[in-house]
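Asks: Okay, sequence plus prediction incoming.
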Amino acid sequence: MIFDLHTHSTASDGSLAPQELLSRAAANGVTCLSVTDHDTVDAYATLDNSSCPGVTVVPGIELSTNWAGRNIHIVGLNIDPNNNDLVNGIRQQKLARLQRAEKIAARLEKKGLDNPLEEVTKLANGANIGRPHFAQYLVNKGIVADFRQAFQKYLGNGKAGDVRQFWSPMEDIIEWILAAGGTAVLAHPAHYKLTNTRLRLLTEDFISAGGQALEIVSGIQTKQLTDKMMRLCDDLQLMASCGSDFHTPGNSWSEVGKFTPLPANCRPVWENW
Ligand code: AMP
Ligand code: MN
Ligand code: MN
Ligand code: MN
């Protein structure tokens, strides 16, 4: 059984349509897939797994929030995408994304770039606008060589495009996930570059707000990192989740269904589904 519980489609910043993502997951041997787009469940409006009967689809989402001035992501798994509280919450997050996109565009305009919002809106093609769409715009304009440079110079931590103030608080986000019958997972804890002490504080706050699981595996990672996350998970009696965080084909470091296995002694998030 391969459970890939963290992936993206064209509904947010992934490059495959939901149905293409599902086919690719099936071809890679995934038996349980969650499409966890940033702040949207739009993928589920069109997803039909009758062509891939070997794959169980578990509805999910990746919601954006802040903690101590950092961008933090909470994955909601096994949610009812039509739940009212969740739908209302997603509406707020979508508005937050739009307002944030306007602010990022205004800041880039101050840096001399020409009408970025119009171009980025075209690139997003109806999807939730994210920083990767701004990165694509910067690459297309020849302003940067690649996404890495776009984040380094314009969009990453502390740069012009790093606008954080619009997201809903972590407590609200977890409340929506729980109201929708889902499990709240603290996504890719190693990405936040927190000290051990602060990562523990974040995880404790996450638990106080109702959070239940830690994504101890995100893509291919070292044994040292898996062991560290496993200890945190054990200490705080959380369930464990895993996923590729797949966005686009052709990245050797990220492919749907490919990630370090969960340690045998953890309590997997799907245990109670
Ligand atoms: P947003 O959801 O708009 O805040 O954008 C965050 C997304 O940008 C992440 O989910 C990644 O897909 C992407 N991202 C973040 N950092 C980088 C980076 N350094 N290089 C390329 N993509 C990145
Ligand atoms: Mn992304
Ligand atoms: Mn994320
Ligand atoms: Mn993600």
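Replies: Right, received. Where do you want to start? All of these numbers come straight from a predicted model, not from anything done at the bench. Ligands and ions are numbered 1, 2, ... in the order given.
Asks: ok, whichever residue of the stretch 151-273 of the chain sits closest to ligand 4 - contacts?
Replies: Distances between the stretch 151-273 of the chain and ligand 4 by C-beta to the ion are smallest at Asp245, namely 4.5 Å. (Each C-beta comes from the backbone N, C-alpha and C, glycine too.) Contacts of Asp245 were listed using C-beta atoms under 8 Å, 6 or more residues apart in numbering, and they are His6, Thr7, His8, Ala187, His188, Ser218, Gly219, Ser254.
Asks: Identify the farthest-apart pair in those.
Replies: Ala187 and Ser254 (14.3 Å; C-beta to C-beta).
Asks: which bits of the chain sit near ligand 1?
Replies: Asp13, His38, Ser64, Asn71, Gly130, Arg131, Pro132, Phe147, Arg148, Phe151, Gly156, His247 (C-beta under 6 Å from any ligand atom).
Asks: Would you mind listing which of the residues you listed are buried?
Replies: Among the residues of the chain next to ligand 1, those classed as buried by 16 or more other C-beta atoms under 10 Å are Asp13, His38, Ser64, Asn71, Gly130, Arg131, Pro132, Phe151, Gly156, His247.
Asks: Filter those residues down to the ones in helices?
Replies: Within these, residues falling in helices by DSSP state H are Arg131, Pro132.
Asks: Now pLDDT too, for the buried ones among the residues of the chain next to ligand 1, in TSV please.
Replies: Formatted as TSV, those follow (pLDDT from 0 to 100):
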residue	pLDDT
Asp13	96
His38	98
Ser64	97
Asn71	92
Gly130	95
Arg131	97
Pro132	97
Phe151	97
Gly156	94
His247	97
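Asks: which of the buried ones among the residues of the chain next to ligand 1 are close to ligand 4?
Replies: With the criterion set as C-beta under 5 Å from the ion, no member of those is near ligand 4.
Asks: now the buried ones among the residues of the chain next to ligand 1 in JSON lines, with distance to Asn82?
Replies: Putting those into JSON lines (distance: C-beta to C-beta, whole Å) gives the following:
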{"residue": "Asp13", "distance to Asn82": "23"}
{"residue": "His38", "distance to Asn82": "19"}
{"residue": "Ser64", "distance to Asn82": "21"}
{"residue": "Asn71", "distance to Asn82": "27"}
{"residue": "Gly130", "distance to Asn82": "24"}
{"residue": "Arg131", "distance to Asn82": "28"}
{"residue": "Pro132", "distance to Asn82": "27"}
{"residue": "Phe151", "distance to Asn82": "34"}
{"residue": "Gly156", "distance to Asn82": "35"}
{"residue": "His247", "distance to Asn82": "26"}
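Asks: tell me which element Glu171 is part of?
Replies: Secondary structure assigned from DSSP states H and E places Glu171 in helix 170-179.
Asks: what is the rounded mean pLDDT of that helix?
Replies: Taken as a whole, helix 170-179 has a mean pLDDT of 98.
Asks: next helix or strand past it?
Replies: For helix 170-179, the following helix or strand on the C-terminal side (DSSP H and E) is strand 183-186.
Asks: Tell me the helices and strands packed up against that next one.
Replies: Applying 3 or more C-beta pairs under 8 Å, 6 or more residues apart in numbering; DSSP states H and E, one finds that strand 183-186 makes contact with strand 70-77, helix 170-179, helix 196-208, strand 213-218.
Asks: Of the ones you listed, flag the one that's most buried.
Replies: Greatest average neighbour count among the helices and strands packed on strand 183-186 goes to strand 213-218 (a mean of 26), per mean count of other C-beta atoms under 10 Å.
Asks: What segments of the stretch 1-150 of the chain are helices?
Replies: Along the stretch 1-150 of the chain, the segments classed as helices by DSSP state H, counting those that start in this stretch run 18-27, 84-110, 116-124, 131-140, 147-150.
Asks: Distance to Cys52 added to the ones you listed, as TSV?
Replies: Conversion of these to TSV gives the following (distance: least, C-beta to C-beta, whole Å):
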stretch	distance to Cys52
helix 18-27	4
helix 84-110	25
helix 116-124	27
helix 131-140	26
helix 147-150	30
